[in-house]
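Chemist: Prediction below, plus the sequence it came from.
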Amino acid sequence: MLISPLASAGGVNRVSASVGPRAMAMCGAQIADPIDASAYYYNPAGLTLIENTALQCGMEGILAGARYENAGYSKNSEKELLAMPFGGFSTRLTDRLSGGIGWHVVGGLGGKYKGDFPWKEGMLNMTEIVPAIAYRFDKLSLGLNLNVGYAQFTNVAPVQLVGRPVEAIGMDANATGIGVSVGAGLLYRFNDSVTFGISGVLPNKTPLNGSTKLSLLGLPLLKTKMETEFTFPGRLGVGLKIKANQRLTLLLDGTWYNYEADKNMTAKLGGLFTYRQAMNWHSNFSANIGAEYAATDKLMLRAGFCWHTAAIPKATQSPIAPEVPGPGVGVGFGYTPSKNWRLDLGYNYGWGERKVDHHHGFVAPGEYKDSANLVSLSVTRFFGK
């Protein structure tokens, strides 16, 4: 699990992809009703909604692609199917107190290109292990979690000097690191039909250590140690659950992601010099809507739609950081063959495009078109039901 890579052309945050098949089918609308392993990510207070003891294990697959066009030149990124495990274990410690642990890949950005192309490969992701605890009052549930993340960073691209890529000088950098942050969530049930949720996570400032190779005109120049850091964003989200009738449930979410800390990425290259690359990322947000319909006592049908904005500004966007704003749609189902087992499946498709005009100081002007197909499957075992 700890070495699972993620190259997502759909955005810095997995807004469309989400965590788990239920969230994926409902395009991430879960804050007010996280009833499975997605609670560890969306709202730890949702642990109080999971009956008795539950173990959920699953796998997500992503097939993403990006296209970059500039002055009649075009290049497609490699498409490869990547698999990412996720899951969670929760149990009722008392009638009101619940606890457990979850694991998932929560964010990713990247791309890989073959052939004669200066932008070779980029990847930035984090896999988290999340212990959590939650307490239920009469109408109110509160939850806390600890997010322990393992980050991976790869950058094979031209060196940037004064905000411009210098194609003659190449960098091949790889680094990993562990960061920790905390989060909290709240659920308030106004009545049987309406529930309000709010959750937040503090930024995770993660030190990254590894090595980098520098080349000149394609010839090896030197290899040295590298120290840098990246702040994975804090976020604040609100959600509303509306139970329209006995069969139909609607979920509405909005989430803000704080990328303001990532103005520059500074890397210490051994004892030689310090390399600084401008990023100037800014906060972005997503809007999500999901629906769940009980077709029978055993079969739940799900669908969703979302929209997210971009955190990377046009000035510093590049083919290996191909984030674009855009929509996502999802479908899926949950099937409960017996009281102790549940099977969930979710599919999501996200896409978008962005035109970066030629402007002084822009790293890689051109047209960007991205898309991603994602599927998630899980099995849940309930104990003591």
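Modeler: Noted; the coordinates are in hand.
Chemist: Do you have the helices of this structure handy? List them.
Modeler: Listed in chain order, the helices of the chain (DSSP state H) span residues 21-25, 39-42.
Chemist: what lines up beside the helix or strand of the chain with the lowest mean pLDDT in the sheet?
Modeler: The helix or strand of the chain with the lowest confidence, counting by mean pLDDT, DSSP states H and E, is strand 273-278 at a mean of 77. For strand 273-278, the paired strands and their directions (DSSP bridges) are strand 264-269 (antiparallel).
Chemist: just how off-centre is the least confident helix or strand of the chain within its chain?
Modeler: A distance of 27 Å separates the centroid of the chain from that of strand 273-278, by CA atoms, centre = their mean, to the nearest Å.
Chemist: What are the buried residues along it?
Modeler: Under the neighbour-count criterion of 16 or more other CB atoms under 10 Å, strand 273-278 has 275, 277 buried. Any C-beta I mention is one placed from the backbone N, CA and C, and that applies to glycine too.
Chemist: With only the CA atoms kept, save it in PDB.
Modeler: The C-alpha atoms that make up strand 273-278 are tabulated as PDB, following Å, rounded to 0.1, in the frame of the first residue of the first chain:
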ATOM      1  CA  PHE A 273      23.300  25.200  -3.900                       C
ATOM      2  CA  THR A 274      19.600  25.800  -3.200                       C
ATOM      3  CA  TYR A 275      17.200  25.600  -6.100                       C
ATOM      4  CA  ARG A 276      13.900  27.500  -6.000                       C
ATOM      5  CA  GLN A 277      11.000  26.900  -8.400                       C
ATOM      6  CA  ALA A 278       8.000  29.200  -8.400                       C
END
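Chemist: Pull the residues that contact it.
Modeler: When contacts are taken as CB atoms under 8 Å, 6 or more residues apart in numbering, the neighbours of strand 273-278 outside the stretch itself are 159-160, 163, 263-269, 315-316.
Chemist: Could you export those residues to CSV, including columns for pLDDT and neighbour count?
Modeler: As requested, the contacts of strand 273-278 are arranged in CSV below (pLDDT from 0 to 100; neighbours: other CB atoms under 10 Å):
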residue, pLDDT, neighbour count
159, 81, 18
160, 74, 19
163, 61, 14
263, 75, 13
264, 76, 11
265, 78, 21
266, 82, 12
267, 82, 21
268, 85, 15
269, 81, 20
315, 86, 17
316, 84, 20
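Chemist: is it true that residue 377 touches residue 21?
Modeler: Yes - with contacts counted by CB atoms under 8 Å, residue 377 reaches residue 21, the gap being 6.1 Å.
Chemist: Which one's more surrounded, the two?
Modeler: Taking neighbours as other CB atoms under 10 Å, residue 377 and residue 21 compare with residue 21 leading, 31 against 18.
Chemist: ok, and the closest non-adjacent residue to that one?
Modeler: For residue 21, ignoring the flanking residues on the chain, the nearest one in space by CB to CB, 6 or more residues apart in numbering is residue 346 at 3.4 Å.
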